[in-house]
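Trainee: Here is the input, now give the coordinates:
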Amino acid sequence: MTEPSNNDEPPRQYGFLQTVRAVAWGMLGIRKGKGHQEDFSKLNPVHLIVAGLLATLLFVVALIAAARWFIGYFTT
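Mentor: Now for the predicted structure:
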């Protein structure tokens, strides 16, 4: 006989690096629905906020760097 599974345990939460990976997939917009639901059930809200802020900061810094490069490239 098989033992019944214990579904009373809360789902194991993602670590910070797994949360960063989920945020990266979300920013790219190519995550499948099943994976999104799995991520949503396991994400730690504090990790999600920190990873989202870091990703946004990196994105803005990359845009500023690209704009400065283009301006410098086309004005000289």
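Trainee: tell me, what residue is most central in the chain?
Mentor: For the chain, the residue nearest the mean C-alpha position is V23 (1.0 Å; CA atoms, centre = their mean).
Trainee: Look up how far I71 lies from the nearest residue to that residue once chain neighbours are set aside.
Mentor: Closest residue to V23 apart from its sequence neighbours, by CB to CB, 6 or more residues apart in numbering: A51 at 4.4 Å. From N, CA and C alone the C-beta is placed, and that goes for glycine too. Look at A51 and I71: by CB to CB, to the nearest Å, they are 30 Å apart.
Trainee: Please, where are all the strands along this structure?
Mentor: Counting by DSSP state E, one finds no strands in the chain.
Trainee: Low-confidence bits of it, can you list those?
Mentor: 1-11 (pLDDT under 70).
Trainee: wait, what's in contact with the residue nearest to V23?
Mentor: Shown in contact with A51 (CB atoms under 8 Å, 6 or more residues apart in numbering): 16, 19-20, 22-23.
Trainee: can those go into JSON lines with extra columns for distance to L63?
Mentor: Listed next are the contacts of A51 as JSON lines, based on distance: CB to CB, whole Å:
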{"residue": "F16", "distance to L63": "25"}
{"residue": "T19", "distance to L63": "23"}
{"residue": "V20", "distance to L63": "19"}
{"residue": "A22", "distance to L63": "22"}
{"residue": "V23", "distance to L63": "17"}
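Trainee: which helix of this protein spans the most residues?
Mentor: helix 45-75 (DSSP state H).
Trainee: where's it relative to the chain centroid, distance-wise?
Mentor: 15 Å (CA atoms, centre = their mean, to the nearest Å).
Trainee: returning to what we had before: mind checking which of the contacts of A51 are buried?
Mentor: Neighbour-count burial (16 or more other CB atoms under 10 Å) is assigned, among the contacts of A51, to 19-20, 22-23.
Trainee: Just flag the most distant two among those residues.
Mentor: Largest separation among these by CB to CB: V20 and A22, giving 7.3 Å.
Trainee: now P45: how far from G52?
Mentor: P45 sits 10 Å away from G52, going by CB to CB.
Trainee: who's more crowded, those two?
Mentor: G52 (15 against 9; other CB atoms under 10 Å).
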